[in-house]
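Q: give me a 3D structure for the following:
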Amino acid sequence: MSSTIRLYFPGKIQSNLSSHLTKEQTHYVKDVMRLKIGDNLSLFNTQGEWNSIIEVYEKKGAQIKIMNKVRDKDNEKNVWLAFSPIKQNQLNFVIQKGTELGVQRFIPILSERTIVREINTERLKKIIIEASEQSNRISVPEINKPELLKNFLFQFPRNGVLIFCDINSNQNNLKKILENINGPICILIGPEGDFSENERKVIIDLNQTYSISLAKNILKAETAALSAITIVNYHLNLS
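A: A predicted model of the protein is given here:
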């Protein structure tokens, strides 16, 4: 694991460019990590990663100079996670670990039995950025605003596949399904009380739906989400 401090930098990055870190980033590198003028750090965004040095600490933020590009954009699989919101601590855990496992987009879904119906997306974006910085990712996942299940299903891309986590499923050919997908691979996790029978029928009847069983036991939402991501990643690595 790299010991160099990595920071997500959404602005323009190119060699020999001088720019400023945000006040929050400046506080982190100066007061928390104790970086001095001339010390190195890495900046990254969707275009790649660059070596940088701290030139000077100013009131408006640390001035940094971008030196050389050390890594190009990764060719990552387009894995999404659609989930029913859960309690804050468990949700934070799912978002953090899902980011580490390579999820590209998080989609909060409101179904009939969803209990938690509001989430703080700005706080979750911070968790996503921190997890991306610490896990050596180049891309930073997106998180959607909560949307109704029926709207999500209606708008789901026709060239994608919806991996529906269903304890009753007996399908076992996930590897072959994933080999032929050009669009997003979206894992769908139900609420703590599961989807209603009507919702299950609508999900299963969708042409893009492929059901998988994660375990013989009933899993908590956060366990199901991370188990499904791991299973999908395993089969993607085989293809």
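
Q: who are the packing partners of the lowest-mean-pLDDT helix or strand in the chain?
A: Lowest on mean pLDDT, DSSP states H and E among the helices and strands of the chain sits helix 174-179, with a mean of 84. When contacts are defined as 3 or more CB pairs under 8 Å, 6 or more residues apart in numbering; DSSP states H and E, helix 174-179 packs onto strand 161-165, strand 209-212, helix 221-238. Heads up, the C-betas are built off the backbone N, CA and C, glycines and all.

Q: where's Val56, which helix or strand?
A: Under the criterion of DSSP states H and E, Val56 resides in strand 48-58.

Q: please apply the same query to Ala82.
A: In this assignment (DSSP H and E), Ala82 forms part of strand 79-83.

Q: kindly report the same for Ile109.
A: Per DSSP H and E: strand 105-110 holds Ile109.

Q: before we move on, what about Ile187?
A: strand 185-189.

Q: so where's the protein uncertain?
A: Confidence mapping of the chain against pLDDT under 70 gives the ranges 1-3, 172, 238-239.

Q: okay, domains of it per the record?
A: 6-72, 79-238 (automatic domain parsing).

Q: pick the most deeply packed of those.
A: When you average the neighbours per residue for each of the domains of the chain (mean count of other CB atoms under 10 Å), domain 79-238 leads with a mean of 17.

Q: list the contacts of the nearest residue to Asn51 once chain neighbours are set aside.
A: Leaving out its chain neighbours, the residue that sits closest to Asn51 by CB to CB, 6 or more residues apart in numbering is Met67, at 4.5 Å. Counting by CB atoms under 8 Å, 6 or more residues apart in numbering, Met67 touches Ser15, Asn16, Trp50, Asn51, Ser52, Ile53.

Q: closest to Leu206 among the residues you listed?
A: Nearest to Leu206 among these: Trp50, at 42.3 Å, using CB to CB.

Q: does that closest one touch Asn68 like I think?
A: Yes: contact status for Trp50 versus Asn68: in contact at 6.6 Å, counting by CB atoms under 8 Å.

Q: partner residues bridging Trp50?
A: Leu43, Lys69 (DSSP bridges).

Q: report the separation between it and Ser169.
A: Note on Trp50: its distance to Ser169, by CB to CB, to the nearest Å, is 45 Å.

Q: now swap in Asn207 and tell me
A: In terms of CB to CB, Asn207 sits 17 Å off from Ser169.

Q: cool, Asn180 as well?
A: From Asn180 to Ser169 the distance is 19 Å (CB to CB).

Q: one more: Ala221?
A: Ala221 is 17 Å from Ser169, by CB to CB.

Q: what's the answer for Asn45, then?
A: 38 Å.

Q: residues contacting Thr22?
A: Counting by CB under 8 Å, 6+ apart, Thr22 touches Gly61.

Q: would you mind giving the contacts of Met67 as TSV with distance to Phe9 added?
A: Shown next, in TSV, are the contacts of Met67 (distance: CB to CB, whole Å):
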residue	distance to Phe9
Ser15	14
Asn16	15
Trp50	8
Asn51	12
Ser52	9
Ile53	14
